[in-house]
Every structure is written in C-alpha cells, then in structure tokens.
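Q: Fold the stuff below for me.
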Amino acid sequence: MFGLIHDSIRQLFIKTYGEEFWKKAMLQAGFESGKENIVNHYYPDSDTYAIVDAVSALAKITREDVWEMYGIQLIAYTMELGWDELMRYLSPDLKTFLNNLDSLHYFIDHVVYKANLRGPSFRCEENDDDTITLHYFTGRAGLYPIVKGVIREVARRIFNIEVTMTVSGRTQRSVQVASGERIEEHVVFIIKQVTPGSESQTSARSLTGYNVVQPQIEISTDWDLKITQTDFVNLLPYHFVMDRDCKLLQIGKALAGHITPDLLQYLTPVVRIFEIHRPQIPLDFENICNFINGVFVLQVRTSPLSISQNQTGKEGDELQAQHLKLKGQMMLMSGNDKIIYLCSPYVTSIPELLQYGLRLSAMPLHDATRDLILLNQQRLSDVEANLQLEANNEKLEVMAKELEHEKQKTDELLKEVLPASVAEQLMNGSAVDAKEFQAVTVMFTDVPGFQNVVALCKPTQIVSMLNDLFTKCDRLVTMHELSLTID
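A: Predicted structure coming up:
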C-alpha cells in the first residue's frame, strides 16, 4: 500500500494512544524507527497488515475496529492535506459521491501520485425505502470496515447527515486477470440515513440529492433527432458498441483505423480486439457492469494498420507506431443489453501522440484531450526550464564550494608566510599599516655550494633536500615564535 496510508495510520494512533504506544507497535511489527511512514514509498500489503495486527494486539481492539477507525481518520487526513474542496464539490449527494469515487481514485493514483495502485470499486443502487445499496469490490479481502468509517465520516463532514451501515452480503470469488489469478471480494452494504433532529433538519442533505423541483422542458413532437450510423461513427470517432456477449456491434471511424480488417467484422469478440488494463478484471458483461462507474483503459491487441505518410509526415513513423491505448467510460444503453464504450486515445503529450502515429487533428474539437495535450506540453516545457534552472543552480553551488575551498587555501598560505596579525588584516580586506620596531633580529639563510649540488644531484634529490631544510627551519621559527618571510 501507498506510504500515505501508513502515515495517516501513524497520526491516528499517536493522537489516540501516544508516541510510546506507536513505537512499541512498530517494534512488534518489525519496522525500524521512521521507516514505516515514508509517504511516497510503496509498501507490500503484508507490511500494512503487520502494523494493523500490532496495533490491534496492543490496544486490545479487533482488526475490524482498527480499520473502521482508520477509515474515519483517512477522511480527516486527506481533507487536511488540501483535498477538502475537491471532495466537497464532487457531488451534491452521497449516492452520486460514491458513484464518482472510482474516477477520483483513478485521478489520485495515476495523475497526482502516478502510483498505478490497485484501488477498489463502488456502485450504488437506490432503493424504494430511501436507502442505498452499495456494492464494494476489492482485491484485498477484509478491508471493508474502512468503507464503513469513510462513508460515515463523509456523510457527517460533507453532507451534514448521519448514516448507519450494515453488511447484507459478503462473497469472494477467484478472478482470472492478465497477471494471473486473484481473489476478489464483493461486499454489499445497506446505507440508511438517520432521521435528523429539529436543529439540523434544515441544513442536512438527503442521501440521493436535493429536494428541488426540476424545470420542465417542453419537447416538440413535430421533430425527431435522426442520426444515421454514418453520422454517429463520425461524431464519436473513438467508441464501440458491444452486446451482452461482448461481441462487436459498431465502432468509431478513427478507432477502426487502428484495427486490422479481419477483426473489423460484425460480432467479433471484443476480447480478440482489445485487452483491458484497468480495472484489472475479465472483459465480460457482468464484470463491466460491476465496475461501470470506473475509468476503463483498453489497448488494441493487434498491430496498427499502415499509417499514411500524409498523417505521420514521415515514412518511418509507421514502423514506430504502437498499439493504441484508450481511456474512457462504459455506459449501459437502453434495454440494459448493450454497452457503449466512449473513449479517447490515452495520450497526455505530443511525444505520446507520435508513438501512436497520431496528430492533434485526429482528436475531435469537442474532445478535451486536445486541450490536455496542449496544456501538458506547456507544462513539460516549464518543467524542462525548471530542470535546467536547477542544474545551473547545482553548478553554481559546486563552483561556490570550489571558490570557498580555494579561498581557504589562500588564507592558509597567508598565515604561513606572514605574521598572524598581518594575515588576519589581509583576509578581512583591511589595509595593513606599517609598523616601527626599536630592535629586530634578522636571519638570512642560504645553501652553500647550491650550484655544485644542482650539478651533481638528481632533481628529485634536490627537491627532497630543500623540503627537509624548510621543514626544519619552519619548526624552529614556530618554536621560538618568530615571523618568517621568504625572499
């Protein structure tokens, strides 16, 4: 799990039980101090479960209670991080809020933290008795108490209502996905609003929306909107329609250009054309309906068709074109026996666009992906400029350190060849005034017969001899506290 989860758990139990309690829990869970809550680190699920087990044992509460407490804390934690405004304006009622949680999870995982996490999925049904049936799907069994804590706190903080949640069903099944087999848990909750008191009745919202009168729009019966299939595939160039058996019924014009002709046949199984990247489920009707509120990312399985030179601008581009990746939503059509996938190419920058052999003109003007690509391109340019600025700053810091090092060497040299008082004044940039002394002793030294020594000895021997002489002379000068000058 993401380190942000560990950090929020840490804050909860330090606030509830104190710092010493948390240290004991981390010791029992096998964590080094400070290593358990690195926010941008991805921890194995086993590490998270170890923390919860340790806290449960020390606090003498059940794991379910720990998870529910954490669910309440998670909402407080995320709102304190600055997500409160987004959460408050996500939806006008609790039911729609829950139906939009999947897309919010996707945005946080893939856009904000780029973590590619395996999040849960939520789907709501409105009941006749003003309750909500919530279907919760997850690949991590046993975490459903988090949902209870999260929803109760969201209802209280955002919608100013109190709700009760009861588990009406809990099943597990084995699901075959691209990475192998995994267990998927399906928990069904019944959410019921507690009748508000007289003081809060006016400010509380309902589970399923405001009690406002919807405006009546008069629709003329003299005119019917008629869109031919040809018009539809041009208006929505990236889409496809499939039946209950997940067989192809219709496909957008632009999307068809990325699929080989032998697969562009009526009633071709969709699994032969696309592979699903998100959510990690088998591509069948039942699973799609279970995750209908989520973002679906699909990728064309087959090699793309040859892309014309007019589109790419270069003949070599068609060799570099990758299998097109799509992002969009699945929607049940009238009759609930067909599904339409409304999507766009999953690209966020010009380089990604070129990888698929596309140009901006391939995007409809009404598709926000065009604006996203242009805005992101500007952002990438800004990031590149910032990186260059950071690199220049690092170079300046290195040069400043080197300059300081050279200055220290110069200062040391001044101290060696000049009296200490004179050297200090020069290092401080002060002028050195001449001084008069009543009596001084001056010693001149020389190396007798140096010319003969140079002629008879090797250069290395001469340097070694001079070094020894100067070292001994310096030691005597220091011992007698004399000032040394070299001429």
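Q: what helix or strand does residue 426 sit in?
A: helix 420-427 (DSSP states H and E).
Q: Touching that helix from outside, list them.
A: 411, 414-415, 418, 431-432 (C-beta atoms under 8 Å, 6 or more residues apart in numbering). C-beta coordinates here come from the backbone N, C-alpha and C atoms, glycine included.
Q: Tell me where the stretch 301-450 of the chain has helices.
A: 309-312, 317-320, 350-355, 368-417, 420-427, 450-456 (DSSP state H, counting those that start in this stretch).
Q: just the ones you listed: most buried one?
A: Comparing the helices of the stretch 301-450 of the chain by mean neighbour count (mean count of other C-beta atoms under 10 Å), helix 350-355 ranks first with a mean of 16.
Q: which helices and strands sit right next to it?
A: Counting contacts by 3 or more C-beta pairs under 8 Å, 6 or more residues apart in numbering; DSSP states H and E, helix 350-355 packs against helix 317-320, helix 368-417.
Q: do you know which of these lies nearest residue 298?
A: Closest to residue 298 of the helices and strands packed on helix 350-355, according to C-beta to C-beta: helix 368-417, at 15.2 Å.
Q: Check which helices and strands that closest one is in contact with.
A: helix 350-355, helix 420-427.
Q: In JSON lines: those helices, plus mean pLDDT and distance to residue 269.
A: Formatted as JSON lines, the helices and strands packed on helix 368-417 follow (pLDDT from 0 to 100; distance: least, C-beta to C-beta, whole Å):
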{"stretch": "helix 350-355", "mean pLDDT": "80", "distance to residue 269": "27"}
{"stretch": "helix 420-427", "mean pLDDT": "78", "distance to residue 269": "83"}
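Q: Format these as a markdown table; extra columns: distance to residue 72.
A: What follows is the helices and strands packed on helix 368-417, written out as a markdown table (distance: least, C-beta to C-beta, whole Å):
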| stretch | distance to residue 72 |
| --- | --- |
| helix 350-355 | 40 |
| helix 420-427 | 63 |
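Q: what about those, which gets the closest to residue 382?
A: helix 350-355 (14.6 Å).
Q: Run through the helices of the stretch 151-300 of the chain in chain order.
A: Using DSSP H, counting those that start in this stretch, helices in the stretch 151-300 of the chain cover 229-235, 253-256, 270-273, 285-290.
Q: Name the residues that touch the first one?
A: Same thing as helix 229-235. Taking C-beta under 8 Å, 6+ apart as the rule, helix 229-235 contacts 227, 239, 250-253, 256, 364.
Q: out of those, who's nearest residue 140?
A: residue 239 (32.7 Å).
Q: wait, that closest one sits on residue 255?
A: Yes. Using C-beta atoms under 8 Å, residue 239 makes contact with residue 255 at a distance of 7.0 Å.
Q: Residues that sit against both of the two, list them.
A: Common neighbours of residue 239 and residue 255 are listed as residue 343 (criterion: C-beta under 8 Å, 6+ apart).
Q: Can I get the helix or strand hosting residue 122 in PDB, CA atoms only?
A: Taking DSSP H and E as the definition, residue 122 sits inside strand 121-126. Extracted as PDB, the C-alpha positions of strand 121-126 are listed here (Å, rounded to 0.1, in the frame of the first residue of the first chain):
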ATOM      1  CA  SER A 121     -14.600   0.000  -7.000                       C
ATOM      2  CA  PHE A 122     -18.000   1.200  -5.800                       C
ATOM      3  CA  ARG A 123     -21.500   1.000  -7.300                       C
ATOM      4  CA  CYS A 124     -24.700   2.300  -5.800                       C
ATOM      5  CA  GLU A 125     -28.400   1.300  -6.200                       C
ATOM      6  CA  GLU A 126     -31.300   3.500  -4.900                       C
END
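Q: please begin residue numbering at 772 from this point
A: Taking 772 as the first residue, the last one we looked at is strand 892-897.
Q: Tell me which residues of it come out buried.
A: 892-895 (16 or more other C-beta atoms under 10 Å).
Q: which stretches of the chain have low pLDDT?
A: For the chain, the stretches flagged by pLDDT under 70 are 772-773, 805-811, 879-889, 947-951, 966-994, 1074-1092, 1254-1258.
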